[in-house]
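Colleague: below is the structure, and that's it, no one-letter string:
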């Protein structure tokens, strides 16, 4: 059976955050303002693929980064789930 990474969004979150010139600390502060308790250290673990991300955390992070939640997932994962062309 194929091994599946438990956290496939970490790299995308890091890339999108950096594109916006946002530090891990600033992302953390904005998450906390939205009542999503993610410390800078937790953000670092998420980006490193060490910590899983909850559905609520994904929604909050997507809102802060101003992207659709699907944009947090690598394109090959989205294609595998939704089929080619999406």
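Modeller: Cool, got the structure. Computed from a prediction, not measured in an experiment: that's the story for all the values here.
Colleague: what helix or strand is the residue minimising distance to the centre of the chain on?
Modeller: When Cα atoms, centre = their mean is applied to the chain, the residue found nearest the centroid is residue 13 (4.1 Å). For residue 13, the element it lies in under DSSP states H and E is helix 10-19.
Colleague: could you give me the buried positions within that helix?
Modeller: For helix 10-19, burial by neighbour count (16 or more other Cβ atoms under 10 Å) applies to 10, 12, 13, 14, 16, 17. All C-beta atoms are positioned from the backbone trio N, CA, C, and that covers glycine.
Colleague: same check on stretch 45-59?
Modeller: By neighbour count on 16+ other Cβ under 10 Å, the buried set for stretch 45-59 is 45, 46, 47, 51, 53, 57, 58.
Colleague: so the first one, which of the three states?
Modeller: For residue 45, the assignment made with DSSP: H, G, I helix; E, B strand; the rest coil gives helix.
Colleague: list the contacts of it.
Modeller: The contact partners of residue 45, taken as Cβ atoms under 8 Å, 6 or more residues apart in numbering, are residue 51.
Colleague: for the third one, same thing?
Modeller: If you count contacts by Cβ under 8 Å, 6+ apart, residue 47 has them with 10, 11, 13, 14, 17, 24.
Colleague: dump these to a markdown table, plus distance to residue 36 and pLDDT.
Modeller: A markdown table is the format used below for those (distance: Cβ to Cβ, whole Å; pLDDT from 0 to 100):
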| residue | distance to residue 36 | pLDDT |
| --- | --- | --- |
| 10 | 16 | 97 |
| 11 | 20 | 96 |
| 13 | 13 | 98 |
| 14 | 18 | 98 |
| 17 | 15 | 98 |
| 24 | 14 | 98 |
